[in-house]
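Asker: below: sequence and its predicted model.
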Amino acid sequence: MAAPITWILVTVKGRPELTQRCVEALLSRTGSDRRLFVVDNGSRDATLDFLYRRFREGDVHRLLCNKVGTITQWEKSYAICQAVHALRMEHYDYFAWVDNDMEMKAGWLKVARDVLCARADVAVCSMHNDGTQEKHHPTREIATVAGHTVRIKETANGAAWVVRREFFDMYGLPPTGMDITREGTEDWHYGRMMRERGIPFAVVEGYGRHMGYGESIKGLAIKEAKG
């Protein structure tokens, strides 16, 4: 049986050092059954030089560069829509998105797929959690799934998610053009919809490090929007 294919989306806007560490970790710590899709949302620095080089070398399978200044809201919801539309004719089994300040550790993708295969009631496996996120996304129960310790939650941070391909058929694409609001970001959007349907998130700790935590693009954008 062929190994399941996962497309991994990395959403990028500047921060070349973090972007490079994120992409290099994905390339070296994820097997050959993954495809890498990078969407850049108007970088003005060395980020594009690095991405173009990796694209020419065949390590980045798809590279989509949005024109500077064309995306007005925080970029990830828009990038997810772009990637899913671009992949609509591709065969794949799972879709993941990873922020460009996440450094994923070896085995993260296999663990996420193990959990999704073992728990049909779970729609998302999130590979990100910490004390601050626990405050915003409290644990409902702790379970052992496919040999892994998993936190079952009603909501989860969107920094590193793995979902089945059918996920977007069930819940639709995240809204875009809604500024920095609870309805306009993918974790709040899907969290609300999944709470309404009683469908939990599974969170596995220890497989990702949030390098830019506390200085995320989302956080900076929120500060700017508030003036």
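Answerer: Thanks, I have it.
Asker: where do the helices sit along this structure?
Answerer: With helices called from DSSP state H, the chain shows them at 16-29, 47-56, 76-86, 108-118, 131-136, 167-171, 186-197, 217-226.
Asker: which positions in the fifth one come out as buried?
Answerer: Residues of helix 131-136 classed as buried under the neighbour-count rule (16 or more other C-beta atoms under 10 Å) are Gln133. For glycine as for every other residue, the C-beta is placed from the backbone atoms N, C-alpha and C.
Asker: report the distance from that helix to the chain centre.
Answerer: In terms of C-alpha atoms, centre = their mean, to the nearest Å, the centre of helix 131-136 is set 18 Å apart from its chain centre.
Asker: same for it, what does it pack against?
Answerer: Counting contacts by 3 or more C-beta pairs under 8 Å, 6 or more residues apart in numbering; DSSP states H and E, helix 131-136 packs against no other helix or strand.
Asker: same thing but at 10 Å, please
Answerer: strand 148-153 (3 or more C-beta pairs under 10 Å, 6 or more residues apart in numbering; DSSP states H and E).
Asker: contacts for the strand it packs on, please.
Answerer: By C-beta atoms under 10 Å, 6 or more residues apart in numbering, the residues outside strand 148-153 that reach it are 107, 111-112, 114-115, 118-119, 121-122, 124-126, 129, 133-134, 137-145, 191, 194, 200-207.
Asker: stretch 100-115: end-to-end distance?
Answerer: This stretch, stretch 100-115, spans 24 Å end to end (C-alpha to C-alpha, to the nearest Å).
Asker: measure Pro175 to Trp7 for me?
Answerer: Per C-beta to C-beta, to the nearest Å, Pro175 is found 21 Å from Trp7.
Asker: so where is the protein shaky, pLDDT-wise?
Answerer: Scanning the chain with the threshold set as pLDDT under 70 gives 1, 72-75, 178-184, 213-227.
Asker: let's see 80
Answerer: 1-2, 69-75, 129-133, 176-185, 212-227 (pLDDT under 80).
Asker: follow-up on the earlier one: any chance of the helices of the chain in JSON lines with distance to Leu36 as columns?
Answerer: Shown next, in JSON lines, are these (distance: least, C-beta to C-beta, whole Å):
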{"stretch": "helix 16-29", "distance to Leu36": "6"}
{"stretch": "helix 47-56", "distance to Leu36": "8"}
{"stretch": "helix 76-86", "distance to Leu36": "11"}
{"stretch": "helix 108-118", "distance to Leu36": "12"}
{"stretch": "helix 131-136", "distance to Leu36": "25"}
{"stretch": "helix 167-171", "distance to Leu36": "19"}
{"stretch": "helix 186-197", "distance to Leu36": "19"}
{"stretch": "helix 217-226", "distance to Leu36": "20"}
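Asker: contact partners for the residue nearest the centre of the chain?
Answerer: Central residue check for the chain by C-alpha atoms, centre = their mean: the C-alpha nearest the mean position is that of Trp97, 2.4 Å away. By C-beta under 10 Å, 6+ apart, Trp97 lies in contact with 7-11, 37, 39, 76, 79-80, 83-84, 158-163, 186.
Asker: again with Ile199
Answerer: Asp121, Val122, Ala123, Val124, Glu154, Met170, Tyr171, Tyr190, Met193.
Asker: need the max-distance pair from those.
Answerer: Spatial extent of the contacts of Ile199 (C-beta to C-beta) is set by the pair Glu154 and Met170 at 16.8 Å.
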